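> Mind folding the following:
(one chain, ligands or ions: 3)
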Amino acid sequence: GATIGILGGGQLGRMLGVAAAQLGYRTHVLAPDRQSVAAQTASALTRADYHNKVVLADFAASCDVVTYEFENIDIGPVQWLADRVPVHPHPRALAVAQDRIAEKRFVDGIGGRPAPWSAIDSEADLHAALARIGTPAILKSTRFGYDGKGQAVIAGPDEAASVWEAIGGPAVLEGFITFDHEFSILIARGQDGVSVRYDPPHNVHRDAILRTSTVPAPPAVLAQAEEATALACRIADALDYVGVLACEFFATADGPVFNEMAPRVHNSGHWTIEGAETSQFENHVRAICGLPLGPTTLTGRRVTMDNLIGDDDAVAPLSEPGAHLHLYGKGEPRPGRKMGHVTRVTR
Ligand code: ATP
Ligand code: MG
Ligand code: MG
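Numbers count the residues shown, from 1 in each chain. Ligands and ions are numbered 1, 2, ... in the order given. Have a look, this model is predicted:
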């Protein structure tokens with residue numbers, strides 16, 4: 001079978017490896033750490049040195065197609081690979097999604113609606129932007145953030161200096177959105193430009209970390225899903241996107257507000273492993289390998305996915321009928337660390 005190259009070694013790469021193996025593909029993971037949790041499901045793992053041309057050339061030579069499972073990787077090496085082997089999604093999707101300012105400009109440009117925002121490079125910028133956007137607001141580092149890392153809420157103007165001290169620039173200031181719910185749109189787009197969409201999960205975060213995704217989402221979310229899906233499809237079309245794309249939204253009284261996108265499989269899609277006819281991981285593999293996409297139909301009436309974070313109980317689900325336990329093999333639990341997840345399907 002052909003070999004899929006995966007940039008990044010986390011649990012998303014690990015679950016992609018399972019789906020790839022089921023369809024007869026090998027996976028070659030390029031990851032910063034030999035101990036990365038994708039190692040157990042990869043056919044081969046090379047310690048990433050993304051700027052070493054010998055390593056990259058070997059990797060490119062061993063892969064028929066390359067994808068990525070995290071977005072915090074320099075665009076240079078990814079573009080270098082793309083000149084030698086097909087990379088899906090296209091590196092341009094990575095470039096847009098890994099930079100919050102590029103992302104918001106892009107979404108503004110195709111008629112989407114992010115929170116009011118302003119690019120911040122100095123404390124003076126921050127004061128000026130706060131005067132315009134108001135408080136509360138959130139200052140987010142432009143790059144490298146995940147699980148709420150690299151961002152802080154500014155409750156009032158007097159907090160500007162200390163938050164600037166903590167976060168620094170380059171950053172983006174966002175108005176704080178009062179939302180009823182958070183949800184995400186997950187689509188998979190094939191090489192022929194045809195997309196499938198999953199039921200939109202309702203996502204609940206705690207301390208900026210996803211706790212739970214549930215489908216079907218409440219009516220207030222479903223009422224906004226059509227508009228949000230249309231935006232996700234415009235994003236995918238504009239980027240000539242191939243693979244799974246996730247877009248996070250706030251459901252507000254004025255309709256869906258775009259939060260951010262991930263050019264990859266997404267935590268809020270883990271429920272699809274048992275909860276949909278074709279999982280997000282399988283559809284991502286199908287898309288990047290040029291296969292027809294599979295149906296996204298729910299396998300039950302209701303599906304919930306609970307993340308296991310830090311020292312959350314990973315034993316009880318083993319004796320709970322119908323609970324599907326996934327552990328990522330990360331070793332020591334640390335506060336805020338995603339150790340696994342549990343999916344429950346109500347038939
Ligand atoms: P991840 O990539 O892991 O989803 P992240 O670090 O990129 O997370 P965001 O998605 O930007 O972080 O924010 C994390 C959470 O913080 C959001 O899901 C939401 O609950 C809250 N949040 C972020 N931005 C805003 C905003 N402008 N208004 C209100 N809440 C927000
Ligand atoms: Mg993010
Ligand atoms: Mg997010």
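> Within the helices and strands, which one has residue 18?
In this structure, residue 18 is located in helix 11-22 according to DSSP states H and E.
> Pull that helix out as PDB, backbone CA atoms only.
Only the C-alpha atoms of helix 11-22 are listed here, as PDB (Å, rounded to 0.1, in the frame of the first residue of the first chain):
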ATOM      1  CA  GLN A  11      -3.100  12.000  19.400                       C
ATOM      2  CA  LEU A  12      -4.500  13.300  16.200                       C
ATOM      3  CA  GLY A  13      -1.700  11.700  14.200                       C
ATOM      4  CA  ARG A  14      -2.200   8.500  16.300                       C
ATOM      5  CA  MET A  15      -5.900   8.300  15.400                       C
ATOM      6  CA  LEU A  16      -5.100   9.100  11.800                       C
ATOM      7  CA  GLY A  17      -2.700   6.200  11.800                       C
ATOM      8  CA  VAL A  18      -5.400   3.800  13.000                       C
ATOM      9  CA  ALA A  19      -7.700   4.900  10.200                       C
ATOM     10  CA  ALA A  20      -5.000   4.800   7.600                       C
ATOM     11  CA  ALA A  21      -4.000   1.200   8.600                       C
ATOM     12  CA  GLN A  22      -7.600   0.100   8.300                       C
END
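> Tell me the helices and strands packed up against it.
In this structure, helix 11-22 makes packing contacts with strand 3-7, strand 26-31, helix 280-288, judged by 3 or more Cβ pairs under 8 Å, 6 or more residues apart in numbering; DSSP states H and E. For the C-beta atoms, the positions are set from N, CA and C on the backbone; glycine is no exception.
> Kindly recompute the last result at 10 Å.
Under the contact definition 3 or more Cβ pairs under 10 Å, 6 or more residues apart in numbering; DSSP states H and E, helix 11-22 sits against strand 3-7, strand 26-31, strand 65-68, helix 272-275, helix 280-288, strand 323-327, strand 338-346.
> Please identify the most buried of the ones you listed.
Most buried of these by mean neighbour count (mean count of other Cβ atoms under 10 Å) is helix 280-288; its value is a mean of 27.
> measure residue 292 to ligand 1 for me?
30 Å (Cβ to the nearest ligand atom, to the nearest Å).
> is it true that that residue touches residue 192?
Yes: because the distance of 8.7 Å satisfies Cβ atoms under 10 Å, residue 292 is recorded as touching residue 192.
> Show me what from the stretch 51-200 of the chain comes close to ligand 1.
Neighbours of ligand 1 within the stretch 51-200 of the chain, by Cβ under 6 Å from any ligand atom: 115, 138, 140, 145, 146, 147, 148, 149, 174, 176, 177, 182.
> any idea which of the residues you listed is closest to residue 318?
residue 147 (25.9 Å; Cβ to Cβ).
> Give the closest residue to that closest one in space, chain neighbours not counted.
Nearest residue to residue 147 in three dimensions, chain neighbours excluded: residue 209, at 4.8 Å (Cβ to Cβ, 6 or more residues apart in numbering).
> Pull the contacting residues for the one you found.
By Cβ atoms under 10 Å, 6 or more residues apart in numbering, the contact list for residue 209 reads 146, 147, 148, 149, 267, 307, 309, 310, 336, 337, 338.
> what residues are up against the fifth one?
Right, residue 267. When contacts are counted by Cβ under 10 Å, 6+ apart, residue 267 is found next to 11-12, 146-147, 184, 201, 203, 209-210, 213, 246, 305, 307, 338, 341.
> and those residues, which are buried?
By neighbour count, with 16 or more other Cβ atoms under 10 Å, those hold 11-12, 147, 184, 201, 203, 209-210, 213, 246, 305, 307, 338, 341 as buried.
> ok, these vs residue 261, which is closest?
residue 246 (6.6 Å).
> Could you verify that that closest one is part of a strand?
Yes: per DSSP: H, G, I helix; E, B strand; the rest coil, residue 246 lies within a strand segment.
> beta partners of it?
Note on residue 246: beta-bridge partners residue 186, residue 262, judged by DSSP bridges.
> wouldn't it be in contact with residue 258 here?
No: here residue 246 does not reach residue 258: they are 11.9 Å apart, not a contact under Cβ under 10 Å.
> can you pull out the helices in the stretch 151-300 of the chain?
Listed in chain order, the helices found in the stretch 151-300 of the chain under DSSP state H, counting those that start in this stretch are 160-167, 219-238, 272-275, 280-288.
> Any chance of those helices in CSV with mean pLDDT as columns?
Formatted as CSV, the helices of the stretch 151-300 of the chain follow (pLDDT from 0 to 100):
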stretch, mean pLDDT
helix 160-167, 97
helix 219-238, 98
helix 272-275, 98
helix 280-288, 98
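> What sits closest to residue 294 if chain neighbours are left out?
residue 278 (2.9 Å).
> Quick check: the one you found vs ligand 1, distance?
In terms of Cβ to the nearest ligand atom, residue 278 sits 23 Å off from ligand 1.
> Strands of the stretch 51-200 of the chain, residue ranges please.
Using DSSP state E, counting those that start in this stretch, the strands of the stretch 51-200 of the chain run over 65-68, 117-120, 137-141, 151-154, 171-175, 181-189, 195-197.
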